[in-house]
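1. Predicted model and sequence follow; I will ask about them next.
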Amino acid sequence: MASQRLSQYLHRTSQIFWTNVTKVAKMQGADPISRAPRVLFRFNSPEDIQAFATGCDGDIGGTSTTKLDLELPPTINERIGRAATGKFWGEMRLGVKTGMEGKVRSGYAGFRNKTRPTLFGNITEDASLHDYLALRVRIAGDPKTRTSYFANIQTNGPTSTDLWQHRLYFQRHDNSWEDLFVSFLLSLLVKCAQARL
């Protein structure tokens, strides 16, 4: 496992190195700035899924469960032209394990992309030239929980602990794919660092 992580680390480092060398050689810094849409993350292969970490209240004493897997049925995926798509699922429970009553809050689950360290620092995505984050998603499960989904965005700036949140509003309720747009301007700052004097 450690050798696999080292291999991934070195691979990411060499990618960053050669990407930047190519940009310098082609003098790409002088190109006009592109505001074209671009894909940040995919959920179509086992390697894509391995780039994400899951978490829920079950990790700290709650009773919820969570998984992020590939869904392979062609009836679901052929509409968007993919052989497989990611499926985030589990059971949401409000109870806690014995002895944890009053100590932890329960009833949450989520997933996030894992950090991608290299010799030159972590790989992050620059979305500063874009106004929206687009998500292609499909909602299922209990209709009571369909307004309980949020997208959290953490910035890489002077205060790296700032966390911005936007509620996801689903329009379709027939278990079919839809595109949701998260406005960077309308996101709410829910966690920020405090300066001490």
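-> That came through fine. Numbers count the residues shown, from 1 in each chain.
2. what residues are up against residue 146?
-> Residue 146 makes contacts with 139, 170, 173, as judged by Cβ atoms under 8 Å, 6 or more residues apart in numbering. Quick note: C-beta positions are derived from backbone N, CA and C, even for glycine.
3. Redo those residues as a markdown table? Include pLDDT, distance to residue 118 and secondary structure.
-> Supplementary listing: those in a markdown table, determined by pLDDT from 0 to 100; distance: Cβ to Cβ, whole Å; DSSP: H, G, I helix; E, B strand; the rest coil:
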| residue | pLDDT | distance to residue 118 | secondary structure |
| --- | --- | --- | --- |
| 139 | 88 | 35 | coil |
| 170 | 89 | 36 | coil |
| 173 | 81 | 42 | coil |
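4. Quick one: buried ones out of those?
-> Among the contacts of residue 146, those scoring as buried are residue 139 (criterion: 16 or more other Cβ atoms under 10 Å).
5. out of the contacts of residue 146, who's nearest residue 190?
-> For the contacts of residue 146, the minimum distance to residue 190 (Cβ to Cβ) is 20.7 Å, reached by residue 170.
6. quick one: contacts for the residue lying closest to the closest one once chain neighbours are set aside?
-> Nearest residue to residue 170, sequence neighbours excluded (Cβ to Cβ, 6 or more residues apart in numbering): residue 139, at 4.7 Å. Under the criterion of Cβ under 8 Å, 6+ apart, the contact list for residue 139 reads 146, 149, 170, 172, 173, 175, 178.
7. what's the answer for residue 63, then?
-> By Cβ under 8 Å, 6+ apart, the residues touching residue 63 are 57, 93, 95, 96, 97, 106.
8. where's the fourth one relative to residue 63, distance?
-> Spatial separation of residue 96 from residue 63 under the definition Cβ to Cβ, to the nearest Å is 6 Å.
9. What of the first one?
-> Note on residue 57: its distance to residue 63, by Cβ to Cβ, is 7 Å.
10. what sits in contact with each of these two?
-> Common contacts of residue 57 and residue 63 (Cβ under 8 Å, 6+ apart): 96, 106.
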